[in-house]
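Peer 1: Got a predicted structure here, sequence first:
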There are 2 protein chains.
Amino acid sequence: MADELKVFRTWSSPFGLRIIWALQLKGLDYETIFEDLSQKSPLLLQYNPTYKKIPVLVHNGKPISESLVILEYIEDTWKQNPLLPEDPYERAMARFWAKFVDDKLLKSVINVLFTKGKEQEEGIPKVMENLKYIEEELKGKKFFGGATIGFTDIALGWTANLLGVIEEVTGIKFIDAQKFPQISEWMHNFCDVPVIKANWPSRDKLVTKYQAHVAPK
Amino acid sequence: MADELKVFRTWSSPFGLRIIWALQLKGLDYETIFEDLSQKSPLLLQYNPTYKKIPVLVHNGKPISESLVILEYIEDTWKQNPLLPEDPYERAMARFWAKFVDDKLLKSVINVLFTKGKEQEEGIPKVMENLKYIEEELKGKKFFGGATIGFTDIALGWTANLLGVIEEVTGIKFIDAQKFPQISEWMHNFCDVPVIKANWPSRDKLVTKYQAHVAPK
């Protein structure tokens, strides 16, 4: 039986995009179901009753949720074009930094996006501090995964387009090539990978979407 | 060269305990370094500069942080007495529920512990809802891992002693055998495992510690 793969996602979610990138890097065929989160489908609620969130990957009828858990599943199931290194310590580092992206970097950026005034100002150094850790970690590397993109690159991938969008709607500059040369270079390299380039959502649509979310000044 | 394993932890941290349990389940020798978090050692700050937190596992001089990342490292490095199942889907489910324990259940419990009055009252149903998911997931199982404890059991392990401690200091009852028969049974089974039984910190000391943290009424 051929594998049946379905991805529940939205057009804009960076978490959904992680799954698309991974499946395409593995050379797998899949069907995409675009969800409207204001009116979630009965299937999404059935497949992810705990979080009721996208992305969900359904493999031969069996659902998996949480993007980093899904990436591990894809890696465990299809061995071609590995996303994680073989060496246990390097695997641990890849997982550590992917978790850091979600637990620290992403949360600090969301905090700046959804606040204003003094609270927003106080949140900016936290973002910068988190970016500095990433900058340090990328020294001397093309990608976190080495010569090709892997687990941590996919986890960090959203920064390569969304940070720019968030800069535009908030007027706050996070990344410049002088302050963060490694991250700037990584973003350039990352966006140059065909599978990445082919799947970005429209920047204009993203700006409009985030403008509606951002805290009024 | 024999493996040199060092665990940086505190006497009370449930995250540190996860690493001790996993190493002992694997039958590995290690040295414990007990940290005083009010005066962190230079070594801890050197080994975990990003979070400056315990636990840290140092294997032949190389540090790994974040308890679930450390568990994966232990599992990847020492194959005996597996903590994760072989089947990719079952592995994904183990990871999903371990992540749920940290992202949802633990946060909802901490919220109740550190608030009071109306805020605390409103937090209780969230804990109960999260426990219901665990209850449902445990149906028909001795452990999450099947006949022996595994990754998710280790992640959930703190509930088996700390929920009781938190019940005592807050006066809020979370677990009873009628409402949560599966969790009650799981707690009983879990505490009965020799490696678990041998490593619990003193309950009296925990009560004193948590009493100092709890929000005054």
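Peer 2: Okay, I see it.
Peer 1: Flag every residue of chain A that's near chain B.
Peer 2: A:50, A:59, A:62, A:64-66, A:68-70, A:72-73, A:76-77, A:88-89, A:91-92, A:95-96, A:99-100, A:104, A:133 (Cβ under 8 Å from any Cβ of the partner chain). To be clear about C-beta, it is placed using only N, CA and C from the backbone, and glycine gets the same treatment.
Peer 1: let's see 6 Å
Peer 2: Residues of chain A lying close to chain B (Cβ under 6 Å from any Cβ of the partner chain) are A:50, A:62, A:64, A:66, A:69, A:73, A:76-77, A:88-89, A:91-92, A:95-96, A:99, A:133.
Peer 1: quick one: which of these is nearest to residue B:117?
Peer 2: Distance to residue B:117 across the residues of chain A next to chain B (Cβ to Cβ) is lowest for residue A:50, with 28.7 Å.
Peer 1: To which secondary structure element is the closest residue to that closest one other than its chain neighbours assigned?
Peer 2: Sequence neighbours aside, residue B:133 is the residue nearest to residue A:50 in space, at 5.6 Å (criterion: Cβ to Cβ, 6 or more residues apart in numbering or on different chains). Applying DSSP states H and E as the criterion places residue B:133 in helix B:117-137.
Peer 1: For the next helix or strand after that helix, give the mean pLDDT please.
Peer 2: Toward the C-terminus, helix B:117-137 is succeeded by helix B:151-156 as the next helix or strand (DSSP H and E). Helix B:151-156 carries an average pLDDT of 98.
Peer 1: And the contacts of the following helix or strand past helix B:151-156?
Peer 2: Downstream of helix B:151-156, the next assigned helix or strand under DSSP H and E is helix B:164-170. Residues outside helix B:164-170 that contact it (Cβ atoms under 6 Å, 6 or more residues apart in numbering or on different chains): B:113, B:173-174, B:206-207, B:210-211, B:214.
Peer 1: Buried residues in the next helix or strand after helix B:164-170, which are they?
Peer 2: Following helix B:164-170 in sequence order, the next helix or strand is helix B:181-191 (DSSP H and E). By neighbour count on 16 or more other Cβ atoms under 10 Å in any protein chain shown, the buried set for helix B:181-191 is B:182-184, B:186-187, B:189-190.
Peer 1: again with stretch A:138-150
Peer 2: Buried, per 16+ other Cβ under 10 Å, within stretch A:138-150: A:138, A:143-145, A:149-150.
Peer 1: Domains in chain A, by residue range?
Peer 2: Following automatic domain parsing, one gets these domains for chain A: A:5-77, A:88-213.
Peer 1: and residue B:158, which of these is closest to it?
Peer 2: domain A:88-213 (18.3 Å).
Peer 1: Tell me how far the closest one lies from the chain's centre.
Peer 2: Mean-position distance between domain A:88-213 and its chain equals 8 Å (Cα atoms, centre = their mean, to the nearest Å).
Peer 1: likewise stretch A:36-51?
Peer 2: 20 Å.
Peer 1: Could I get the average pLDDT for that stretch?
Peer 2: Stretch A:36-51 comes out at a mean pLDDT of 96.
Peer 1: in it, what's buried?
Peer 2: For stretch A:36-51, by 16+ other Cβ under 10 Å, it's A:44, A:47-48, A:50.
Peer 1: quick one: buried residues of the worst-scoring helix or strand of chain A on mean pLDDT?
Peer 2: Within chain A, confidence by mean pLDDT, DSSP states H and E is lowest for helix A:203-213 among all helices and strands, at a mean of 92. Across helix A:203-213, burial judged by 16+ other Cβ under 10 Å covers A:206, A:209-210.
Peer 1: repeat for stretch A:26-36
Peer 2: For stretch A:26-36, using 16+ other Cβ under 10 Å, the buried residues are A:26, A:30, A:33, A:35.
Peer 1: Which of the residues you listed sits closest to residue A:157?
Peer 2: Once Cβ to Cβ is applied, the member of the buried residues of stretch A:26-36 that ends up nearest residue A:157 is residue A:26, at 15.6 Å.
Peer 1: For the closest one, which non-adjacent residue is closest in space?
Peer 2: residue A:78 (4.7 Å).
Peer 1: Just give me the neighbour total for the one you found.
Peer 2: 18 (other Cβ atoms under 10 Å in any protein chain shown).
Peer 1: What of residue A:112?
Peer 2: Count around residue A:112 with other Cβ under 10 Å applied: 22.
Peer 1: Just to check, it is in contact with residue A:123?
Peer 2: Yes. Here residue A:112 reaches residue A:123: they are 4.4 Å apart, a contact under Cβ atoms under 6 Å.
Peer 1: Widest-spaced pair of the buried residues of stretch A:26-36?
Peer 2: Longest span within the buried residues of stretch A:26-36, Cβ to Cβ: A:26 and A:35, 22.7 Å.
Peer 1: Please report the distance of residue A:212 from residue A:169.
Peer 2: 9 Å (Cβ to Cβ, to the nearest Å).
Peer 1: Could you tell me which of the buried residues of stretch A:26-36 belong to strands?
Peer 2: residue A:33 (DSSP state E).
Peer 1: Distance to residue B:20 for the buried residues of stretch A:26-36 - can I get that in JSON lines?
Peer 2: As requested, the buried residues of stretch A:26-36 are exported to JSON lines (distance: Cβ to Cβ, whole Å):
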{"residue": "A:26", "distance to residue B:20": "37"}
{"residue": "A:30", "distance to residue B:20": "41"}
{"residue": "A:33", "distance to residue B:20": "43"}
{"residue": "A:35", "distance to residue B:20": "42"}
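Peer 1: out of the buried residues of stretch A:26-36, who's nearest chain B?
Peer 2: residue A:26 (13.0 Å; Cβ to the nearest Cβ).
Peer 1: Could you report the neighbour count for the residue nearest to residue A:50?
Peer 2: 15.
Peer 1: Show me what the strand or helix carrying residue A:15 is packed up against.
Peer 2: Counting by DSSP H and E, the element that carries residue A:15 is helix A:14-25. Applying 3 or more Cβ pairs under 6 Å, 6 or more residues apart in numbering or on different chains; DSSP states H and E, we find helix A:14-25 packed against helix A:67-77, helix A:194-197.
Peer 1: Can you say which of those is packed in most?
Peer 2: helix A:67-77 (a mean of 22; mean count of other Cβ atoms under 10 Å in any protein chain shown).
Peer 1: Does residue A:70 touch residue A:19 like I think?
Peer 2: Yes. Counting by Cβ under 6 Å, residue A:70 does reach residue A:19; the two are 5.5 Å apart.
Peer 1: Which neighbours do the two have in common?
Peer 2: residue A:57.
Peer 1: Low-confidence stretches in chain A?
Peer 2: For chain A, the stretches with pLDDT under 70 are A:1, A:215-217.
Peer 1: In space, what's closest to residue A:132 - neighbours in sequence excluded?
Peer 2: Per Cβ to Cβ, 6+ apart, closest to residue A:132 is residue A:180, 7.9 Å.
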